[in-house]
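> generate coordinates for the sequence data below:
(2 chains)
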Amino acid sequence: DAGVIQSPRHEVTEMGQEVTLRCKPISGHDYLFWYRQTMMRGLELLIYFNNNVPIDDSGMPEDRFSAKMPNASFSTLKIQPSEPRDSAVYFCASGPQGAYNEQFFGPGTRLTVL
Amino acid sequence: AQTVTQSQPEMSVQEAETVTLSCTYDTSESDYYLFWYKQPPSRQMILVIRQEAYKQQNATENRFSVNFQKAAKSFSLKISDSQLGDAAMYFCAYRGTTGNQFYFGTGTSLTVIP
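Below you'll find the model as predicted:
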């Protein structure tokens, strides 16, 4: 398996622009998680899905952030409009059912908002 | 919500020596799982080791072992015979059996001195 795939790996945009981050989880995994990592706040859970259904989005910082999972093999995280404070590394992770199981992380998307 | 605390933002170790990274957590659950993840400069998160709370025996994976003290809610990672490739950020994580999300600590940055 190719692992969790994220695109783009790097994104530079200007304030006010819409940004869409993409994730392809590992086939067969029931859970998908979106995280944001910054020096100041560490690793923050933004939202997670179970079988394509959003379960907990309490970590989504503002209405400017939205996430979708239209099918089992694809998810997006959208920021509209983007702001400089959104600059961070965004990780997608997936995992199978069962608390024993680890999360498998993607390589992350480094977002810079100018 | 559960909290995970890593009180050592930075640690250093001489190559070939042993180092221990600390992690404590807070939970009211009796059954749960604990994980250590490694994030090297490539930023790819990699699972190092996991521990099941109902198992008294400490987990071991080659040079990596844990000291799990359930009553004290402590879960430290010991790295023996440290190698240059061990230099990374290390995250402790908790996952309960009633919820599905992971709770991460703030990380410990490990430097290995040649």
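
> and residue 85, which of the three is it?
Here I'm looking at chain A. helix (DSSP: H, G, I helix; E, B strand; the rest coil).

> hmm, no, I was thinking of chain B.
Here B:Gly85 is recorded as helix under three-state DSSP.

> beta partners for B:Phe68?
In this structure, B:Phe68 bridges to B:Phe75 when assessed by DSSP bridges.

> does it touch B:Gln51 like I think?
Yes - with contact defined as C-beta atoms under 8 Å, B:Phe68 reaches B:Gln51; the gap is 5.1 Å. Backbone N, C-alpha and C define where each C-beta goes, glycine included.

> so what sits against both of the two?
Shared contacts of B:Phe68 and B:Gln51, defined by C-beta atoms under 8 Å, 6 or more residues apart in numbering or on different chains, comprise B:34, B:58-59, B:75.

> in the chain, which residue is closest to the centre?
You didn't say which chain, so I picked chain A. The centre of chain A sits closest to A:Trp34, judged by C-alpha atoms, centre = their mean, with a distance of 3.2 Å.

> chain B, not that one
In chain B, the centroid-proximal residue (C-alpha atoms, centre = their mean) is B:Trp36; its distance is 3.5 Å.

> who touches it in this structure?
Contacts of B:Trp36 (C-beta under 8 Å, 6+ apart): B:21, B:23, B:47-50, B:64, B:66, B:75, B:77, B:90-93.

> what sits closest to it if chain neighbours are left out?
Distance criterion C-beta to C-beta, 6 or more residues apart in numbering or on different chains; nearest residue to B:Trp36, sequence neighbours excluded, is B:Val48 at 4.4 Å.

> any chance you could map the strands in chain B?
Taking DSSP state E to define them, one finds strands in chain B at B:3-5, B:10-14, B:19-21, B:24-26, B:32-39, B:46-52, B:60-61, B:64-69, B:74-79, B:88-96, B:102-104, B:108-113.
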